[in-house]
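Enquirer: sequence plus predicted model, see below.
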Amino acid sequence: MMTPWKNPEFTRHFRREMRPVRAAMTLVIPLLVCLLVMLVMRVGERDGQGRIVWHDYWNDLYIGLLAVQGVVLALWCVSTCGQAISSERQLKTFDFLRTTRLNSAELLTGSVAGRPFTAYVMVAVTLPITLLAGTAAGYAWWRVLASMGVIVVVCLTFALFALLFSLLTEKPRIGELIAIVVAGCWAMVQISHAWAFRYQNSAIPALTVLPALEKLNGYAGVAAPLPVRLFGAPIAPAMMTVFLYGTAAAWLALMLVRNLKRDREEMRLLTRWQALLLLICVNVIFLAQVLLRGPYGFLFIGSVNADKWFQQQVQNIVSNYVVLNAVVFYLIGLAMLPSAGELKTWFREKQRSFGSYWGENAPPIPWIALAAASAWVVLAAVVFFYRHEAPRADWSLGWTALRLGVLLVYATRDVIFLQWCGITRMKSPLVKGVLLLGLYYFVVSMIAAFVQAAMGAPDSLVGYAIVTPVGALANQALLASVQGAGAQVGIIVLLLLLIRQRFVRVSSLTAPSPA
Amino acid sequence: MIACRQLRREYGDLTAVQDLNLTVPPGEILGLIGPNGAGKTTTIRMMCGLLTPTSGEVSVCGVKVQEAPELAQTYIGYLSDFFNVYDDLKVWEYVDYFASAYKMPEAGRKERIDEVIAQVGLEVKHDAFIHGLSRGMKQRLGIARAIVHRPKVLILDEPASGLDPKSRADLRNLLLSLRDAGATVLISSHVLSELEGFCTSIAIMEKGVLVRSGRVDEIASEQRQHKVVRVAWSGATSVAPVLQVLPSVSELAVNSTEAVFRFAGNDDQLPDVLAALVGAGVRVSAFGEVKQTIEDIYLKISRNEVM
């Protein structure tokens, strides 16, 4: 692997961004902006007698600069990387890159290091001023640098995220738009957690970056944020934030490296084993974060009515775990969907052996089932590991298995439906398939609501539970959900028969005639 | 140099390339011809490692493209139709970018870049920004990019699309000089006149199937069971009475001063026909075999006249 500064992709962007006039502007404009901010704050930060309150002045300047640097870097990364690949593909220059000897990892590092280079320079130019303001405000220099480190890690994760969108989308603006919208939602979550909820509703507090920065800089918030812990052990929020975003970045980088030099139709984000590992990783991280071990035992107990609180917490954890896995099942199923060509090849070449059904091109049903089993095993392992810590907890492992089973059936049905859409001659089959599923859920929900109202039980979830997985998610009407899932198995079989029938027909049409 | 074995590519129900077997020996200029949608571009993209075959394999210089794509790229120079270049770079920066991307050693890289830029006739634009170049110049720059790493195989997909006649002629001369330097060239086109007098062999594709491939002269001679001869004259004496009585002449078509006929004899017997005409008092102004163009061959093959 070549060094970053010799990476041609980096060199290309460096040359383009650092032409003399542009480089001069990149260096001078941030400094001018800093100077103006300093002057404005000099006017604003005065006491009643008109004297400058220096500590407040430096403190506000430092926090302000840190925020501006974070926002500029994040937006620049998302904007430049969000259209990187799709625009090259549209210009037909990407094929030339793919036919060079640069491997995917080199292309990736070159892009991430080079595309937002202007923003890196801007941040680097203003860093001494941030450092000066931070130390003048009384913060240790390493805290200032660590804060900047946290911001850089988060922004690089966003750059990778945006790059993945640009790889998957056809039109440059769409990738950029999606990445910006996601980044905007993320920013809203940060702000709402910081000022409205003070992190109290955060399942994983370290996902929001502000606690890390506040803790690093000893900034006194309005209320104390939730403690950040790993399997109950307290851990510095900054470290956990870096760990979480670093883990996400590693998975994103893996997906990009696997697919960057592939044709768009041949992309498969992860292998099936990798997807399964991702599911286990997400589940373990979730449980590691939410299992709090306080001074009184397994869970952090601050209430006198400990048993009730304790039981409630366990139910919350399990419910959130089930909801999380419902989303993960769908994502994994979609990520594992083979293309029509791959499925056709598998269908033509498969031997009737057990192993062939686990192949990369086979329908993903066994793997979604394995994902569900893994999710349950992870939860069971945690329960077993904490059996001495939480002897009173009712984890309801049996019911959880049932709930995961119901979700598995619905996820499988929907994924197989999308697979069927993919082998028809529909245009944009995935998008249309998702829209049809949305229509299905809307229609059956309306019918269920009508039937329930007609039967005089509008608040019951039984009707919904028979035709949607809501019973399993809400932990109500679970038995009706199981009955509904049984009916869905029939639909899965029907869809599989339709897929098979289509390939039989196609095979008979394209089979070579005997010589 | 290039070997495709049982190469197949399917898109859902559509089979774009069907079990293609093709070998291009070193030093050949092979014209891959066929109508739009014949599967030429899909074949080329599989050869360059841009597309994974549904089945079968491609090897270039003995390296299997799907198994060792980055090594295979050492040997391949690729140019597509209607491409863009990075407009915000300078000419030398663009070529340097690809020289680095092909991992050429730093020693001698600058000299090679200058050499390639001169080879494509862009030395006066060496330090110019690409956005100021004409379409033809950008095409030449694309070729410079494709050959900067001295590939042994040059694969060009409709390279003359959108070029003016002068640029086409330049492109032809450049490719001939590369061939003379030992490169193997595969060039696809559906404009057959572009390939005339230039390709040493051809491969004809239709509906994803390779219907014929081989050296141009061999395919042409296979088709010529009878030579086609054209004769022109001036004066009142027609060739018809003479030619009609010759047993080796058939399918005679005569107009006022010109005739075309099929001749069943060999090369040594053809002068005898000319002598007979002159002896009969015909004032022959032109006499010779009508050479078959690639277009003639293609049309015959595509009409299933020759298989």
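Expert: That came through fine.
Enquirer: quick check: residue B:28 touching residue B:200?
Expert: Yes: at 5.2 Å, residue B:28 counts as touching residue B:200 under the criterion of C-beta atoms under 8 Å. Backbone N, C-alpha and C define where each C-beta goes, glycine included.
Enquirer: higher neighbour count, the two?
Expert: For residue B:28 and residue B:200, the more surrounded residue by other C-beta atoms under 10 Å in any protein chain shown is residue B:28, and the numbers stand at 19 against 16.
Enquirer: list the contacts for that one?
Expert: B:1, B:184-185, B:200-201 (C-beta atoms under 8 Å, 6 or more residues apart in numbering or on different chains).
Enquirer: after whichever strand or helix holds residue A:133, which helix or strand is next?
Expert: Under the criterion of DSSP states H and E, residue A:133 resides in helix A:117-136. Later in the chain than helix A:117-136, the nearest helix or strand by DSSP H and E is helix A:141-168.
Enquirer: quick one, that next one and helix A:117-136 angle?
Expert: 160 degrees (axes from the mean of the first three to the mean of the last three C-alpha atoms, to 10 degrees).
Enquirer: what's the mean pLDDT across whichever helix or strand comes after helix A:141-168?
Expert: Counting by DSSP H and E, the element after helix A:141-168 in chain order, helix or strand, is helix A:172-191. Mean per-residue pLDDT for helix A:172-191: 75.
Enquirer: in helix A:172-191, which residues are buried?
Expert: A:172, A:174-176, A:178-180, A:182-183, A:186, A:190 (16 or more other C-beta atoms under 10 Å in any protein chain shown).
Enquirer: distance-wise, check the residue of the stretch 101-250 of chain B found nearest chain A relative to residue A:348.
Expert: Closest to chain A within the stretch 101-250 of chain B is residue B:101: 3.7 Å, counting by C-beta to the nearest C-beta. Remark: distance between residue B:101 and residue A:348 (C-beta to C-beta, to the nearest Å) = 37 Å.
Enquirer: residue B:4: which element?
Expert: With DSSP H and E as criterion, residue B:4 is part of strand B:2-11.
Enquirer: send over that strand as CSV, restricted to the C-alpha atoms.
Expert: Only the C-alpha atoms of strand B:2-11 are listed here, as CSV (Å, rounded to 0.1, in the frame of the first residue of the first chain):
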residue,chain,number,x,y,z
ILE,B,2,-6.0,-12.2,-25.3
ALA,B,3,-7.9,-15.5,-24.8
CYS,B,4,-11.5,-15.7,-24.0
ARG,B,5,-12.9,-19.2,-23.2
GLN,B,6,-16.6,-19.9,-23.0
LEU,B,7,-17.2,-16.3,-22.0
ARG,B,8,-20.8,-15.7,-21.1
ARG,B,9,-22.6,-12.8,-19.5
GLU,B,10,-26.3,-12.7,-18.6
TYR,B,11,-28.4,-9.8,-17.4
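Enquirer: distance from the chain centre to stretch A:456-473, please.
Expert: Centroid separation for stretch A:456-473 versus its chain: 29 Å, with C-alpha atoms, centre = their mean, to the nearest Å.
Enquirer: if we can go back for a sec, between residue B:101 and residue A:348, which has more neighbouring residues?
Expert: residue B:101 (26 against 15).
Enquirer: which ones are touching the closest residue to that one other than its chain neighbours?
Expert: Take residue B:101 and drop its neighbours on the chain: the residue closest to it by C-beta to C-beta, 6 or more residues apart in numbering or on different chains is residue A:100, 3.7 Å away. Contacts of residue A:100 were listed using C-beta under 8 Å, 6+ apart, and they are B:73, B:98, B:101-102.
Enquirer: output the contacting helices and strands for the helix holding residue A:133.
Expert: Helices and strands touching helix A:117-136, by 3 or more C-beta pairs under 8 Å, 6 or more residues apart in numbering or on different chains; DSSP states H and E, are helix A:8-17, helix A:20-44, helix A:54-81, helix A:141-168.
Enquirer: as CSV, the buried residues of helix A:172-191 with distance to residue A:501 would be great.
Expert: As requested, the buried residues of helix A:172-191 are exported to CSV (distance: C-beta to C-beta, whole Å):
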residue, distance to residue A:501
A:172, 39
A:174, 35
A:175, 37
A:176, 41
A:178, 36
A:179, 40
A:180, 43
A:182, 39
A:183, 45
A:186, 45
A:190, 51
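Enquirer: ok, so of these, who is nearest residue A:129?
Expert: Nearest to residue A:129, judged by C-beta to C-beta, of those is residue A:190 at 24.0 Å.
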